[in-house]
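Novice: Any chance you could fold what I've pasted below:
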Amino acid sequence: MLLRTLFNIMARKFDEWWKSVPADLREKARKGDEANKPLLNQINYVLLHLHLAGKHDLKPTHEELKEWLHSGQVDVLRISK
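Specialist: I've put the predicted structure just below:
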């Protein structure tokens, strides 16, 4: 429990990480969908392009990704009603 608490203090929020992503990549990933919560698929798009560009230091950790999903900062899918 203590480890989990320490992680939450040190982990970046999605918005903090998103600001570190190059602007052109942010625009391509979310173009036309900026008003909605980010989707996991959009995050995967960015992660792939960061990986291919060799910018591994910009990628979030597994724990950060998990926290964003579990806390609702990022949606896995969107259902239209």
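
Novice: Sketch out the helices for the chain, chain order is fine.
Specialist: Listed in chain order, the helices of the chain (DSSP state H) span 2-10, 14-20, 23-30, 40-52, 62-71.

Novice: who touches Asp15 in this structure?
Specialist: Counting by Cβ atoms under 8 Å, 6 or more residues apart in numbering, Asp15 touches Gln73. Where C-beta positions appear, they are placed from N, C-alpha and C, glycine not excepted.

Novice: related to what we said a few turns ago, looking at the helices of the chain, which is closest to Ser80?
Specialist: Ranking those by proximity to Ser80 (Cβ to Cβ) places helix 40-52 first, at 15.3 Å.

Novice: May I have that closest one as CSV, with CA atoms only?
Specialist: Extracted in CSV, the C-alpha atoms of helix 40-52 (Å, rounded to 0.1, in the frame of the first residue of the first chain):
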residue,chain,number,x,y,z
LEU,A,40,-6.3,4.4,-25.7
ASN,A,41,-6.1,3.9,-29.5
GLN,A,42,-4.9,7.6,-29.8
ILE,A,43,-2.3,7.0,-27.1
ASN,A,44,-1.1,3.8,-29.0
TYR,A,45,-0.7,5.9,-32.2
VAL,A,46,1.5,8.3,-30.3
LEU,A,47,3.5,5.5,-28.6
LEU,A,48,4.1,3.8,-31.9
HIS,A,49,5.4,7.0,-33.6
LEU,A,50,7.6,7.8,-30.6
HIS,A,51,9.0,4.3,-30.7
LEU,A,52,9.7,4.4,-34.4
